[in-house]
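Trainee: only geometry, no sequence info:
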Ligand code: CA
């Protein structure tokens, strides 16, 4: 899962990045409205954290331009204490949720998890596929009642495929959403990763569609 964090205060941005990464997300950053708008317009994200008070272009304008361009990713806005009119305007402009500064990082991460779940059409934090249960609130995989140890990368792979189960996910999309930006996986790496996950969770859950990508079948 790939998150865009838009925040001009470096300390908060760093904090957001480290908490979201620790919770299993790939994080991209922007520190002003113009960069944010461009990234959101040209790249694909699973959710966006958007501060409203930004240099170059304010957050509300960024939000409106994305929605006008039919960029549909879930957006959580960050507003100043007392800025209730900003929150109303933000929600009316297409924001899905908000937090008032200062906030607890744990709360932000929980809200992001819920937004991603909802946008994938899933209300429960427990994702099921055959004997596998993925507990997204604790980043745990359970097969036949036993917890399976997964690396952060293995978890991101499984989580992305399960959120999008029933749809073939291309290799390019998968690489984009599960690897950190500074990692350039070679063509074989994804295959190897999928093989490793299959051995851990049962070989028939993830199907390979030659020339297309990977699929976890919907029930
Ligand atoms: Ca700000």
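Mentor: Thanks, I have it. Predicted, not measured: the structure shown is a model, and the values here were computed from it. Numbering: from 1, shown residues only.

Trainee: how far away is residue 142 from residue 179?
Mentor: As for residue 142, its distance to residue 179 is 25 Å (criterion: CB to CB, to the nearest Å). Where you see a C-beta, it was placed from the backbone N, CA and C, and this is true even at glycine.

Trainee: Could you find the closest non-adjacent residue to residue 216?
Mentor: The spatially closest residue to residue 216, leaving aside those adjacent along the chain, is residue 165, at 4.2 Å (CB to CB, 6 or more residues apart in numbering).

Trainee: Just confirm that neighbour is within a strand.
Mentor: No: remark: residue 165 does not belong to a strand; assigned using DSSP: H, G, I helix; E, B strand; the rest coil, it is coil.

Trainee: contacting residues for it?
Mentor: Shown in contact with residue 165 (CB atoms under 8 Å, 6 or more residues apart in numbering): 127, 129, 215, 216, 217, 218.

Trainee: pLDDT at the nearest residue to residue 1 once chain neighbours are set aside, what is it?
Mentor: Among residues not flanking residue 1 along the chain, residue 46 sits closest, at 4.4 Å (CB to CB, 6+ apart). With respect to pLDDT, residue 46 has a value of 96.

Trainee: Verify the stated contact: residue 46 with residue 73.
Mentor: Yes: under the criterion of CB atoms under 8 Å, residue 46 lies in contact with residue 73, with a separation of 6.6 Å.

Trainee: ok, how many other residues are close to the residue nearest to residue 1?
Mentor: 22 (other CB atoms under 10 Å).

Trainee: same check, this time on residue 199
Mentor: By the criterion of other CB under 10 Å, residue 199 has 9 neighbours.

Trainee: Can you check the pLDDT for it?
Mentor: At residue 199, the predicted lDDT confidence score is 94.

Trainee: quick one: average confidence on stretch 128-141?
Mentor: 91.

Trainee: Give me the buried positions along that stretch.
Mentor: Residues of stretch 128-141 classed as buried: 129, 132, 133, 134, 136, 139, 141 (neighbour count, 16 or more other CB atoms under 10 Å).

Trainee: And for stretch 72-80?
Mentor: Along stretch 72-80, the positions that meet the burial threshold by neighbour count (16+ other CB under 10 Å) are 73, 74, 75, 76, 77, 78, 79.

Trainee: least confident pick among those?
Mentor: In this model, the minimum pLDDT among these belongs to residue 79 (93).

Trainee: Tell me what that one is bridged to.
Mentor: In this structure, residue 79 has the following beta-bridge partners (DSSP bridges): residue 100.

Trainee: Can you verify my assumption that residue 214 contacts residue 158?
Mentor: No: judged on CB under 8 Å, residue 214 makes no contact with residue 158 at a distance of 10.7 Å.

Trainee: Which element, helix or strand, includes the residue in the chain that the ion sits nearest to?
Mentor: At 3.6 Å from the ion, residue 53 is the closest residue in the chain, using CB to the ion. With elements delineated by DSSP states H and E, residue 53 resides in a region that no helix or strand encompasses.

Trainee: for it, what are its contacts?
Mentor: Each residue near residue 53 by CB under 8 Å, 6+ apart is listed here: 8, 59, 80.

Trainee: secondary structure element for residue 13?
Mentor: Assigned by DSSP H and E, residue 13 falls in helix 10-22.

Trainee: before we move on, what about residue 77?
Mentor: Here residue 77 sits within strand 75-79, counting by DSSP H and E.

Trainee: got a list of contacts for that strand?
Mentor: When contacts are defined by CB under 8 Å, 6+ apart, strand 75-79 is touched by residues 7, 47-52, 59, 63, 66, 86-87, 90, 94-101, 103, 108, 111-112, 115.

Trainee: Kind regards, and thank you for your time.
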